[in-house]
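# can't give you the sequence, but here's the structure:
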């Protein structure tokens, strides 16, 4: 059942403090009785009831649920009791169970992050310029149609460190977010670091949750955006060319279940990026199998995302990678010719 707006709005007024009703698309704002919003209690309204979407969420603590869950948690009454209270209103039957997506999938994300792949949230913030910039960036980079499209991408609105940055979540094999990188969106003067990572958490592999074990090869990119355009590809979120270790212990553990799969490193163009060339050399010295960009493409495109944009494709062809894959002395010889 969907509880009628008239009933829920009355409950919202009773249970949430300092309620304000926005007539535009029937959004109700109030104080969150669950977290009481800390020092902001009484001054800000961070709890929202979106009537058209039948869900309630708190922008402060991340609580999300439908009106049934909200009333049950705050008043401690049963589902049956709620139906009894609402008997004088018209209840709307579900044809099938509607699952309300969590507003914040995990507490590991930066504060006040919104899911850019959730139309409910982006619709609510449609007048926010930074949200529009983030949505435009996703579209311009073809991340919304990529073959290895991320499960979600977020925007941090108020976090002290990651404010106004695109948040790229790293899901584990249980589809839980364990790590993230953020990318600047407003870095017009190059004063801000392009990428930042979650502090105090060991790096995991981006997109490990999408690996198809029936494919005998796993591709390994450095950055998550490039990994979105290669099927069965993960990303390590950075390689230090001077480091002796390639993976973190956590990444090693995640890859261990695919120990019998071939691993192929796919880095940025060695023709244009000196660091990529040095990193490729290091990987060859470690006995790794690497993709080396052919000059026809490597002199034009700096990375795989750039190639997809230039050729208007959403996936790097499997054959293209395998035809330019090397190991051992042949790899070193090929790299030396660049």
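Yep, that arrived. Keep in mind it's a predicted model, so treat the numbers as computed, not measured.
# contacting residues for the spatially most central residue of the chain?
What sits nearest the mean C-alpha location of the chain, by CA atoms, centre = their mean, is residue 153, with 3.0 Å. Listed by CB atoms under 8 Å, 6 or more residues apart in numbering, the contact partners of residue 153 are 115-117, 138, 143, 166-169. Where C-beta positions appear, they are placed from N, C-alpha and C, glycine not excepted.
# Recalculate using a threshold of 6 Å.
residue 116 (CB atoms under 6 Å, 6 or more residues apart in numbering).
# Count the residues that sit near residue 147.
Residue crowding around residue 147 was assessed by other CB atoms under 10 Å; the count is 17.
# how much space between it and residue 316?
According to CB to CB, to the nearest Å, residue 147 and residue 316 sit 8 Å apart.
# Residue 236 versus the residue nearest to the centre of the chain, what's the distance?
Here the criterion is CB to CB. By it, residue 153 lies 19 Å from residue 236.
# same deal with residue 133?
For residue 133, the distance to residue 236 (CB to CB) stands at 27 Å.
# can you check residue 306 too?
On the measure of CB to CB, residue 306 and residue 236 end up 19 Å apart.
# For these two, work out which one has more neighbours and name it.
residue 236 (21 against 18).
# Show the pLDDT at that one.
pLDDT for residue 236: 93.
# Residue 174 now?
pLDDT, residue 174: 85.
# Which residues are in contact with it?
Contacts of residue 174 by CB under 6 Å, 6+ apart: none found.
# Walk me through the domains of this protein.
Per automatic domain parsing, the structural domains of the chain span 5-85, 113-197, 208-336.
# Quick one: end-to-end length of the first one, please.
Across its full length, domain 5-85 reaches 13 Å end to end, with CA to CA, to the nearest Å as the criterion.
# Give the rounded mean pLDDT of that domain.
In this model, domain 5-85 has a mean pLDDT of 80.
# Check stretch 297-306 too.
Computed over stretch 297-306, the mean pLDDT rounds to 97.
# Could you work out the end-to-end span of that stretch for me?
10 Å.
# Give me the buried positions along that stretch.
Neighbour-count burial for stretch 297-306, counted by 16 or more other CB atoms under 10 Å, picks out 297-298, 301-306.
# How are the helices of the stretch 1-150 of the chain distributed by residue range?
Applying DSSP state H, counting those that start in this stretch to the stretch 1-150 of the chain gives helices spanning 5-15, 67-75, 79-85, 119-124, 129-140.
# Pull the residues that contact the second one.
I take that to be helix 67-75. Against helix 67-75 from outside (CB under 6 Å, 6+ apart): 3, 8, 11, 15, 33, 56, 82.
# hang on, residue 57 packs against residue 50?
No - using CB atoms under 6 Å, residue 57 makes no contact with residue 50, being 7.8 Å away.
# quick one, which of those two is more surrounded?
The neighbour comparison of residue 57 against residue 50 (other CB under 10 Å) goes to residue 57, with 27 against 17.
# hang on, the earlier thing: state the pLDDT value of the residue nearest to the centre of the chain.
94.
# related to what we said a few turns ago, pull the most distant pair out of the contacts of helix 67-75.
Greatest spatial distance among the contacts of helix 67-75 (CB to CB): 3 and 33, at 17.7 Å.
# Give me the more crowded residue out of those two.
Set residue 3 next to residue 33 and count neighbours by other CB under 10 Å: residue 3 wins out with 22 against 19.
# which residue packs closest to the more buried one, ignoring adjacent ones?
The shortest distance from residue 3 to any non-neighbouring residue, by CB to CB, 6 or more residues apart in numbering, is to residue 67 (4.8 Å).
# That neighbour: neighbouring residues, count only.
Quick note: residue 67 (other CB under 10 Å) scores 24 neighbours.
# That one and residue 13: what is the separation?
Residue 67 sits 13 Å away from residue 13, going by CB to CB.
# same thing with residue 226?
With CB to CB as the criterion, residue 226 and residue 13 are 50 Å apart.
# between the two, who's got more neighbours?
residue 226 (25 against 14).
# From residue 119, how far off is the more buried one?
Taken as CB to CB, the span from residue 226 to residue 119 is 26 Å.
# can you check residue 135 too?
In terms of CB to CB, residue 135 sits 11 Å off from residue 119.
# ok, these two, which is more surrounded?
Comparing residue 135 with residue 119 by neighbour count (other CB under 10 Å), the higher total belongs to residue 135, at 19 against 11.
# If anything else comes up later, I'll come back, but that's it for now.
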